[in-house]
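*Asks:* Next input, structure requested:
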Amino acid sequence: MRRLGRLCDDDLPALYTSALGVVIPSLYEGFCLVGLEALACGTAPAAAEIPAFREALGETALYFDPLSVEGMAAALDVFMSDESLRMRIVEQGGEQVGNFRLDRAVEQIWGVLNEP
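*Replies:* Below you'll find the model as predicted:
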């Protein structure tokens, strides 16, 4: 593991694509853009079990208790050693990412605005 510090947005796709996985241990988050970006690049996320991440990632992440060091370590051990789990997450991830496409959001907003 290597801490990279602040990165340019242009560098993120290459990093996501080359990573074994992405770990997102946040306690508070409004949305899980990092997890969706990782999935869009074919990389599985391991994320804190918080409502925003569950809503954004659904079943396309391995979740862990962000307040439990042991729980996080156990989840990371499973995540790093179980390639079939990571591949299953990535395969399902394409559909999950598609749920957040801009054209789909516009379509849904337009539908709400045009309701009687």
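
*Asks:* For this protein, give me the ranges with low pLDDT.
*Replies:* Low-confidence regions of the chain, defined by pLDDT under 70, span residues 1.

*Asks:* which residues in it form helices?
*Replies:* Remark: helices assigned in the chain by DSSP state H are 12-18, 33-40, 51-57, 69-81, 83-98, 102-113.

*Asks:* export the ones you listed to JSON lines and tack on mean neighbour count?
*Replies:* Every C-beta, even on glycine, is put in place using the N, C-alpha and C of the backbone. As requested, the helices of the chain are arranged in JSON lines below (neighbours: other Cβ atoms under 10 Å):
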{"stretch": "helix 12-18", "mean neighbour count": "13"}
{"stretch": "helix 33-40", "mean neighbour count": "21"}
{"stretch": "helix 51-57", "mean neighbour count": "17"}
{"stretch": "helix 69-81", "mean neighbour count": "14"}
{"stretch": "helix 83-98", "mean neighbour count": "15"}
{"stretch": "helix 102-113", "mean neighbour count": "9"}
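
*Asks:* and those helices as TSV, adding distance to I24?
*Replies:* Compiled in TSV, the helices of the chain are given as follows (distance: least, Cβ to Cβ, whole Å):
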stretch	distance to I24
helix 12-18	12
helix 33-40	6
helix 51-57	7
helix 69-81	11
helix 83-98	13
helix 102-113	22
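
*Asks:* Which one of these lies nearest to P25?
*Replies:* The closest approach between P25 and any of the helices of the chain, judged by Cβ to Cβ, belongs to helix 69-81 at 6.6 Å.

*Asks:* The closest one - contacts with which helices or strands?
*Replies:* Secondary structure elements in contact with helix 69-81, counted by 3 or more Cβ pairs under 8 Å, 6 or more residues apart in numbering; DSSP states H and E, are strand 45-48, strand 62-64, helix 83-98.
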